[in-house]
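Peer 1: Next one to model:
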Amino acid sequence: MSVRIAELQLRNFGSLREAHFDLAEITLIAGHNNSGKSTTADAIDVAASTLQQHRAAAAARRAHDQGAFAQPPGGGHGLRERGRAT
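Peer 2: Now for the predicted structure:
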């Protein structure tokens, strides 16, 4: 499942003190030299990487939670009591 960043708001990121961008599926970044194009692209990269890391962590938590409540092979509840399977 992919995620699209629709809006980006920056404060004190690189050379940009404050900026707001509405992002379409395809967005062109253009401007004069030293106007913040590369900084904006870096910010989008940081946001995308952060989202990807959060999604991976959430997926790992879900998998762990599902595994914690899954029934073990052979039946039973999979809980241990004083070192032995019950």
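Peer 1: Contacts for stretch 55-69, please.
Peer 2: Here stretch 55-69 makes contact (Cβ atoms under 8 Å, 6 or more residues apart in numbering) with residue 3. Where C-beta positions appear, they are placed from N, C-alpha and C, glycine not excepted.
Peer 1: mind listing the helices for the protein?
Peer 2: 37-68 (DSSP state H).
Peer 1: In it, where is pLDDT below threshold?
Peer 2: 1, 68-86 (pLDDT under 70).
Peer 1: Quick check: buried residues in stretch 35-46?
Peer 2: Within stretch 35-46, the residues scored as buried using 16 or more other Cβ atoms under 10 Å are 36, 39, 40, 43, 44.
Peer 1: among those, which two are most distant?
Peer 2: 36 and 44 (12.0 Å; Cβ to Cβ).
Peer 1: Can you lay out the buried residues of stretch 35-46 as TSV showing distance to residue 56?
Peer 2: Listed next are these as TSV, based on distance: Cβ to Cβ, whole Å:
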residue	distance to residue 56
36	29
39	26
40	25
43	21
44	19
